[in-house]
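Asker: Prediction below, plus the sequence it came from.
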Amino acid sequence: MMLFDKLRQIEERSNELARLLSDPAIFSTPADYARLRKEHAEIHEVVARFAEYRDVLRRLGEARHILEEGGDPELLELAQAEIDDLSRREAELEEELKRLLLPRDPNDEKNVFVEIRAGAGGDEAALFAADLARMYTKYAERRRWKVEVMDASATGVGGYKEIILFVQGRGAWSRLKFERGVHRVQRVPVTESAGRIHTSTVTVAVLPEAEDVDVKVDERDLRVDVYRSSGPGGQGVNTTDSAVRITHVPSGLVVTCQDERSQIKNRAKAMRVLKARLLERAQEEQQAAIAADRRSQVGTGERSERIRTYNFPQTRVTDHRVGLTLHRLPAVLEGDLDELLDALAAAEQAERLQRVAG
């Protein structure tokens, strides 16, 4: 049984790690100790569930043996009841072990950049971009994540043509990756005197933060331009060349940042965004080469997809990927996203399990 073989290998590795960690010599190399301890902690749950799984199988065997031997009717009835209970637990543990053995997304624990851009709909789309930026900020606050505005292009009506948020916190990618795509809003704009409902769109891209080990950028491949910041920013924002535009010549990617008054800070922010975009591009190319025809539960990754609709007149939110509709739009816009994200995570997991089984 392949599942059993894999679990035995993990159990043997856990025992080996326990021996290594109990050796006093390991403390002389703190980096090795930290690495081995992390690996041991990551497989602990699998080993614990495997032990429970084997215990359930053992007890099932004993109960079935009693049933086969026959004898006292009351004892046989108890044995059958135990078999029924243990069989259910066996199935539950088998599914849980399959889930635990799924390869983890290497980006799951990374910080993310959330890029929100107004699409079709003019000022109304820009206003909804601001609503989404606030929604994600509120959600991050609920999870005690830190949010930093990397760059923003504001409109005169209080919206954003584009805003880039940096969300820092454990598991940020594992939750916010489901927000990629086109978000559609249906509502009566404040400028609409006739009360007609308009449909606008906002595009959201979510990129994992690139670490230095992920992306190497040669300074010779960069063209850096500085210029004076424009738009709101307070006194002195337009008096110095603090805004920075970085062009990565080989890829043609361009990143601008004018949020800070310091040119050095703007350059550092722009470089972080550039590295994240380069990492995203490299990962997309790799995934396309490995499985060009594979489609995940959360969409193809193309930003032209409509993933969710926010209907204000009916105060409902519908996620089209999982067919989930919630009739509490105000709460969602206040950052209450967990029910939506839990459903998307469960659907992704179910599809991954199906692919492994197939």
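Answerer: Good, I have the coordinates.
Asker: roughly how far out does the longest helix anywhere in the chain sit from the chain middle?
Answerer: Counting by DSSP state H, the longest helix found in the chain is helix 30-69. Centroid separation between helix 30-69 and its chain, computed with CA atoms, centre = their mean, to the nearest Å, is 29 Å.
Asker: State the distance from the residue lying closest to residue 120 once chain neighbours are set aside to residue 80.
Answerer: In space, and not counting its chain neighbours, residue 120 is closest to residue 201: 4.9 Å by CB to CB, 6 or more residues apart in numbering. (Glycine included, C-beta is placed from N, CA and C.) Distance from residue 201 to residue 80, counting by CB to CB, to the nearest Å: 59 Å.
Asker: So for those two, which sits in the more crowded spot?
Answerer: residue 201 (20 against 14; other CB atoms under 10 Å).
Asker: can I assume the more buried one sits in a strand?
Answerer: Yes: the assignment for residue 201 by DSSP: H, G, I helix; E, B strand; the rest coil puts it in a strand.
Asker: ok, it touching residue 117?
Answerer: No: between residue 201 and residue 117 there is no contact under CB atoms under 8 Å: 9.6 Å.
Asker: mind listing what's buried in stretch 257-266?
Answerer: For stretch 257-266, burial by neighbour count (16 or more other CB atoms under 10 Å) applies to 257-261, 263, 266.
Asker: Then stretch 315-329?
Answerer: Result for stretch 315-329 [16+ other CB under 10 Å]: buried residues 316-319, 321-322, 324, 326, 329.
Asker: for the least confident helix or strand in the chain by mean pLDDT, packing partners?
Answerer: Least confident helix or strand, the chain: helix 263-290 with a mean of 80, by mean pLDDT, DSSP states H and E. Packing partners of helix 263-290 (3 or more CB pairs under 8 Å, 6 or more residues apart in numbering; DSSP states H and E): strand 112-118, strand 146-154, strand 198-208, strand 243-248, strand 253-257.
Asker: Please name whichever of the ones you listed is nearest to residue 94.
Answerer: In terms of CB to CB, the element of the helices and strands packed on helix 263-290 nearest to residue 94 is strand 198-208, at 31.8 Å.
Asker: I'd like to know which elements the closest one is packed against.
Answerer: Using 3+ CB pairs under 8 Å, 6+ apart, strand 198-208 sits against strand 112-118, helix 123-142, helix 172-176, strand 181-187, helix 263-290.
Asker: Mind doing that once more with 7 Å?
Answerer: The helices and strands touching strand 198-208, judged by 3 or more CB pairs under 7 Å, 6 or more residues apart in numbering; DSSP states H and E, are strand 112-118, helix 123-142, strand 181-187, helix 263-290.
Asker: Mark out where each domain of the protein begins and ends.
Answerer: 2-101, 112-213+302-354, 219-288 (automatic domain parsing).
Asker: distance between the strand or helix carrying residue 349 and the chain's centre?
Answerer: Element membership for residue 349, per DSSP states H and E: helix 338-357. Chain-centre distance of helix 338-357: 12 Å, with CA atoms, centre = their mean.
Asker: Just want the angle from it to helix 123-142.
Answerer: Put simply, helix 338-357 runs at 80 degrees to helix 123-142, going by axes from the mean of the first three to the mean of the last three CA atoms, to 10 degrees.
Asker: Buried residues, stretch 142-155. List them.
Answerer: 143, 145, 147, 150-155.
Asker: Quick check: which ranges of the stretch 101-250 of the chain have low pLDDT?
Answerer: Residues of the stretch 101-250 of the chain that meet the criterion pLDDT under 70 lie in 191-193, 211-214, 230-240.
Asker: ok, now with 80
Answerer: Low-confidence segments of the stretch 101-250 of the chain (pLDDT under 80): 101-109, 156, 190-195, 210-216, 228-241.
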